[in-house]
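Peer 1: Let's see this in three dimensions:
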Amino acid sequence: MTTRLTQLFLRTLRDDPADAEVASHRLLVRAGYIRRQAPGVFAWLPLGLRVRRRVEAVIREEMHAIGCQEVHFPALLPREPYEASGRWEEYGDGIFRLKDRKGADYLLAPTHEEVFTLTVKDLYGSYKDLPLSIYQIQDKYRDEARPRAGLLRGREFSMKDAYSFDVTDEGLDVSYQAQRDAYERIFSRLGLDYVIVQADAGAMGGSRSEEFLHPTPIGEDTFVRSAGGYAANVEAYRSVAPAAQSLDGHPSAEVIDSPQTPTIATLVALANEKHPREDRPWTAADTLKNVVLRLTSLDGTKELVVVGLPGDREVDLKRAEVAFAPAEVAAATEEDFAAYRGLVKGYIGPWSPSGAVLGKGSSTGIRYLVDPRVVDGTTWVTGANEHGLVAGRDFTADGLADIAEVREGDPAPDGSGPIETARGMEIGHVFQLGRKYAEALGLQVLDENGKLVTVTMGSYGIGVTHI
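Peer 2: So this is what the prediction gives:
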């Protein structure tokens, strides 16, 4: 039956909604496609739903073309599968938890790896049943602290999630490539520009991980790429470490009087005034900035760590969250400093004439980590009045923390040239999960020799409402 315009359930708006920050949010509301119900939660009206269904139709066609079969799981799920995989706690405050009238724990599913895995375990038991690829298009729920940008960062959103199940790693490679190729066809059919970037797997786990990003200035993801073909989001970028240098031939480290130098700029100015270099002036890149971070584990345990990084760089919080996951990362507070009297803001260093002041075996016992650029034989000016410290001679670190900001012109890790940075919105993500969830949930099948083997999995998501 034809719907006449006079009968269409539609009201357009003359003015922008007060909470709309980006063009897509303003236009979708004003044109009568969606309507806000709560922060990060929207109703779909007839015009918006028609567009959404057309996007879903393209996805279904391409999924079916590679033999991926559609299923549908509930959004309301019990605690036990997520507890078995470790994600009930790992998600922290990012998910909606609730209890039924009998006191049993449930959650609104943020993703469905666990129930896909358990369903295949329930139905299949032989290598002859595999490979298998199944998918659903379904709403997900995440308790975003700051929902924004309309459909781009909501608490309820629609996603296509597919999962592959194979006996061997070689089989997983084939399934992964089939999904990846299908994604390229989907986004091309939808007329979306995209960049495929290396990504961090995060709470999903697994090995290989790639994101499909739509380049846009309003995107929440920063990614890097080189003219030679390298592309990664900033969380997955790995800083290029220079070659280690000899520890011989360096002047002895010394303590200098450096009053009123609580910042990198004042420290550099003092070094150039009191201890000028013969080859060039000291710069912020020659200083070792020691940043104190507080890590909070899933059980609430708190730990302070100090990270030494070149003074011309700031900490990138997203990269820090990846480096220290699943712990929460925050700058140390005044209370944290008060608990460790040896830590004085602006005057923190890893060495003193009497020995190490940071790291295992030190007086504080605080772990000391360094940026990958702090390699043996490099010379640094740092806090606590220390000048000419040589890494590997005067101080050693407990490990590396690649958490410094990434900049235009930094080298690509694969040697393909300098990188440029850009903004993008995630529209798809493909993972090689491997055996993380299969091992946690006991998904095994009998191989051709009658031996039980653990199944290897892939996970593949598309943000339907993002699109």
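Peer 1: from what I can see residue 55 touches residue 189, true?
Peer 2: No. Checked against Cβ atoms under 8 Å, the pair residue 55 and residue 189 is beyond contact range at 9.8 Å. (Glycine included, C-beta is placed from N, CA and C.)
Peer 1: of those two, who's got more company?
Peer 2: Neighbours were counted for residue 55 and for residue 189 using other Cβ atoms under 10 Å; residue 55 has more, 19 against 13.
Peer 1: Sketch out the low-pLDDT regions of this structure for me.
Peer 2: Scanning the chain for pLDDT under 70 picks out 201-206, 254, 256-262, 346, 351-357, 359-363, 383-387.
Peer 1: Looking at it, which strand is longest?
Peer 2: strand 419-434 (DSSP state E).
Peer 1: That strand pairs with which strands, parallel or anti?
Peer 2: strand 209-215 (antiparallel), strand 221-226 (antiparallel), strand 456-463 (antiparallel) (DSSP bridges).
Peer 1: List the buried residues of that strand.
Peer 2: Residues of strand 419-434 classed as buried: 419, 421-422, 424-434 (neighbour count, 16 or more other Cβ atoms under 10 Å).
Peer 1: and which of those is nearest residue 315?
Peer 2: Proximity of those to residue 315 (Cβ to Cβ) peaks at residue 421, which lies at 16.6 Å.
Peer 1: residue contacts, the closest one?
Peer 2: 222, 223, 224, 234, 406, 407, 408 (Cβ atoms under 8 Å, 6 or more residues apart in numbering).
Peer 1: again, only using 6 Å
Peer 2: 222, 224, 408 (Cβ atoms under 6 Å, 6 or more residues apart in numbering).
Peer 1: try residue 447
Peer 2: Listed by Cβ under 6 Å, 6+ apart, the contact set of residue 447 reads 127, 453.
Peer 1: And it, how far from residue 429?
Peer 2: Distance, residue 447 to residue 429, by Cβ to Cβ, to the nearest Å: 30 Å.
Peer 1: Walking through the stretch 1-150 of the chain, point out its helices one by one.
Peer 2: In the stretch 1-150 of the chain, helices defined by DSSP state H, counting those that start in this stretch lie at 23-30, 46-65, 79-85, 87-90, 113-123, listed in chain order.
Peer 1: Only the buried residues of the last one, if you could.
Peer 2: Under the neighbour-count criterion of 16+ other Cβ under 10 Å, helix 113-123 has 113, 114, 115, 116, 117, 118, 119, 120, 121 buried.
Peer 1: I figured the last one hits residue 440, correct?
Peer 2: Read that as residue 121. No. Assessed by Cβ atoms under 6 Å, residue 121 is found out of contact with residue 440, at 11.2 Å.
Peer 1: Quick one: residues contacting the nearest residue to residue 287 once chain neighbours are set aside.
Peer 2: Spatially, and ignoring its direct neighbours in sequence, residue 287 is nearest to residue 311 (3.3 Å; Cβ to Cβ, 6 or more residues apart in numbering). For residue 311, the contacting residues are 264, 284, 287, 289, by Cβ under 6 Å, 6+ apart.
Peer 1: Widest-spaced pair of those?
Peer 2: 284 and 289 (8.3 Å).
Peer 1: Looking at these two, which is more packed in?
Peer 2: The neighbour comparison of residue 284 against residue 289 (other Cβ under 10 Å) goes to residue 289, with 23 against 16.
Peer 1: Report the secondary structure state of the more buried one.
Peer 2: With DSSP: H, G, I helix; E, B strand; the rest coil as the basis, the three-state label of residue 289 is strand.
Peer 1: For it, name its beta-bridge partners.
Peer 2: Each beta-bridge partner of residue 289 is listed here: residue 309, as defined by DSSP bridges.
Peer 1: Run through the strands of the stretch 201-350 of the chain in chain order.
Peer 2: Taking DSSP state E, counting those that start in this stretch to define them, one finds strands in the stretch 201-350 of the chain at 209-215, 221-226, 231-233, 254-255, 287-296, 302-310, 328-331.
Peer 1: for the ones you listed, which one sits closest to residue 372?
Peer 2: Smallest distance to residue 372 across those (Cβ to Cβ): 9.4 Å, for strand 302-310.
Peer 1: what is the orientation angle of the closest one with strand 287-296?
Peer 2: On the basis of axes from the mean of the first three to the mean of the last three Cα atoms, to 10 degrees, strand 302-310 is oriented at 160 degrees to strand 287-296.
Peer 1: who touches strand 302-310?
Peer 2: 285, 288-296, 336, 358, 366-371, 373-374, 401, 404.
Peer 1: make it 8 Å
Peer 2: Here strand 302-310 makes contact (Cβ under 8 Å, 6+ apart) with 284-297, 315, 324, 327, 332, 336, 340, 343, 348, 350, 358, 366-371, 373-374, 382, 397, 401, 403-404.
Peer 1: Could you list the buried residues of it?
Peer 2: For strand 302-310, by 16+ other Cβ under 10 Å, it's 304, 305, 306, 307, 308, 309, 310.
Peer 1: want to throw these into JSON lines with distance to residue 76?
Peer 2: Shown next, in JSON lines, are those (distance: Cβ to Cβ, whole Å):
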{"residue": "304", "distance to residue 76": "40"}
{"residue": "305", "distance to residue 76": "39"}
{"residue": "306", "distance to residue 76": "44"}
{"residue": "307", "distance to residue 76": "41"}
{"residue": "308", "distance to residue 76": "47"}
{"residue": "309", "distance to residue 76": "45"}
{"residue": "310", "distance to residue 76": "49"}
